[in-house]
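Colleague: Have a look; sequence and predicted model below, questions after that.
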Amino acid sequence: AQSVTQLDSQVPVFEEAPVELRCNYSSSVSVYLFWYVQYPNQGLQLLLKYLSGSTLVKGINGFEAEFNKSQTSFHLRKPSVHISDTAEYFCAVSDRGSWGKLQFGAGTQVVVTP
Amino acid sequence: GAGVSQSPRYKVAKRGQDVALRCDPISGHVSLFWYQQALGQGPEFLTYFQNEAQLDKSGLPSDRFFAERPEGSVSTLKIQRTQQEDSAVYLCASSLAGAGANEKLFFGSGTQLSVL
């Protein structure tokens, strides 16, 4: 079984400032890692995923995340946020034998202000 | 359709009523998942279909929850004798193929169920 901890429930940030959302996971098996974004009244959208290979993963909308196996972390970053990045962000894991069966964190609400 | 469609968008039920939530996946998508998202929490896995076969129902919280996908397209999640703790947003997701890390899940906007 896996678990996911998102360390910040809410992150306020000014427009054009950088943002980092923290995610730690625990698992006894190898996992896939994901970040999803949920805009108000919309479905979850995949931002990026780590399957294997390079530990730095680039996603849509200028987001990137780094997989750190020793620290069991998968933090999400964006160097300069826009107002439109205001949304809830979810980190998720799945074990490699159960694709699609995701274990989500509780989410981090990002609020971007001018 | 352009995406995964769920209906109704909102459902209010009295405790003890039965409810049925519908999911129309993207046409041709083989895999279909249901998730439950309680207020302030991340989604939690309920069940998984590959075509009409329910391959994993380990996340269904009780025998009051039942899901079906009889023709391998539309799916219905049924909750019998609803209780207040069933109040949540129910999310449906689909993907084109049966499995594989390179597959992408497409999520619907969800059905918000409120049990009074």
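Modeller: The structure has been received and is ready for your questions.
Colleague: Flag every residue of chain B that's near chain A.
Modeller: B:3-4, B:31, B:33, B:35, B:40-45, B:48, B:56, B:59, B:91, B:93, B:95, B:99-110 (C-beta under 8 Å from any C-beta of the partner chain). Where you see a C-beta, it was placed from the backbone N, CA and C, and this is true even at glycine.
Colleague: So among those, which ones count as buried?
Modeller: Buried subset of the residues of chain B next to chain A (neighbour count, 16 or more other C-beta atoms under 10 Å in any protein chain shown): B:4, B:31, B:33, B:35, B:42-45, B:48, B:56, B:59, B:91, B:93, B:95, B:105-110.
Colleague: neighbours around the closest residue to B:L116 other than its chain neighbours, how many?
Modeller: Nearest residue to B:L116, sequence neighbours excluded (C-beta to C-beta, 6 or more residues apart in numbering or on different chains): B:K14, at 5.7 Å. Residues lying near B:K14 (other C-beta atoms under 10 Å in any protein chain shown) number 8.
Colleague: same deal with B:L96?
Modeller: For B:L96, using other C-beta under 10 Å, the count is 14.
Colleague: Just want the most central residue of chain B.
Modeller: B:W34 (3.2 Å; C-alpha atoms, centre = their mean).
Colleague: Which of the helices or strands spans that residue?
Modeller: Using DSSP states H and E, B:W34 sits within strand B:31-37.
Colleague: quick one: contacts for the residue in chain B positioned nearest to chain A?
Modeller: Distances between chain B and chain A by C-beta to the nearest C-beta are smallest at B:G42, namely 3.1 Å. The contact partners of B:G42, by C-beta atoms under 8 Å, 6 or more residues apart in numbering or on different chains, come to A:V4, A:F90, A:A92, A:F104, A:G105, A:A106, A:G107.
Colleague: Closest one of those to chain B?
Modeller: A:F104 (3.1 Å).
Colleague: for residue 34, what are its contacts?
Modeller: Went with chain A since none was named. A:L46, A:L47, A:L48, A:K49, A:Y50, A:C91, A:A92, A:V93, A:S94, A:L102.
Colleague: actually it's chain B I care about, not the one you picked
Modeller: Contact analysis of B:W34 by C-beta under 8 Å, 6+ apart lists B:C23, B:F45, B:L46, B:T47, B:Y48, B:A67, B:S75, B:L77, B:Y90, B:L91, B:C92.
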